[in-house]
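1. here's my sequence, what's the structure:
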Amino acid sequence: MGSVRDRVRHAFAVDPPGPATPTPEQQPAVDWVCEQVAKRQLTTPGLIALEMSRPLNFLLSQGMHFFSPGVWALLRQRNYEHYKHFAVFMEHRGAMEYLERRIEHFEAQFETKAK
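-> Got it, this is the predicted structure:
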């Protein structure tokens with residue numbers, strides 16, 4: 001165990017500023033969500049929703065964890081694993097910023113293909 005000072009310092013640690021980086025297990029789930037938003041041409045409403053919910057991203061991720069038993073009953077195993085990975089990714093402070101960048105990335109890809 002460390003000193004009391006070390007324990008208190010780690011108790012209030014927060015993620016570094018900037019976008020969060022998903023793990024290799026989280027990346028397919030995050031990319032799927034962002035790609036679906038861009039494919040359906042919902043980039044602008046999606047970005048607005050992300051900006052509005054930025055202060056609540058941890059609370060939203062905890063809601064996803066709360067509803068996971070119900071989601072488990074509805075989804076196939078592979079999709080449920082993606083759901084769990086996405087919920088864990090959303091716990092990070094920079095998750096919303098990363099999602100915004102990936103949505104814009106996929107939108108640019110779809111626009112390039114359309115030309």
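
2. from here on, just use CA atoms for contacts and neighbour counts.
-> OK.

3. in this structure, which residue is closest to the centre?
-> When C-alpha atoms, centre = their mean is applied to the chain, the residue found nearest the centroid is M90 (3.8 Å).

4. go ahead and confirm it touches L59.
-> No. Contact criterion C-alpha atoms under 8 Å: M90 and L59 do not qualify, at 9.1 Å.

5. who touches both of the two?
-> Counting by C-alpha atoms under 8 Å, 6 or more residues apart in numbering, no residue touches both M90 and L59.

6. what's the spacing between P55 and Q26?
-> In this view, P55 and Q26 are 21 Å apart by C-alpha to C-alpha, to the nearest Å.

7. tell me which of those two has more neighbours.
-> Q26 (19 against 12; other C-alpha atoms under 10 Å).

8. per-residue confidence at that one?
-> We have a pLDDT of 96 for Q26.

9. might you report the residue contacts of it?
-> By C-alpha under 8 Å, 6+ apart, the neighbours of Q26 are H82, H85, F86, F89.

10. which stretch of helix or strand covers the second one?
-> Using DSSP states H and E, H85 maps to helix 77-89.

11. please list the residues outside whichever helix or strand comes after that helix that contact it.
-> With elements assigned by DSSP H and E, the helix or strand that comes after helix 77-89 is helix 95-114. Residues outside helix 95-114 that contact it (C-alpha under 8 Å, 6+ apart): 18-21, 30-31, 34-35, 37-39, 41, 43, 47, 50-51, 54, 57, 89-90.
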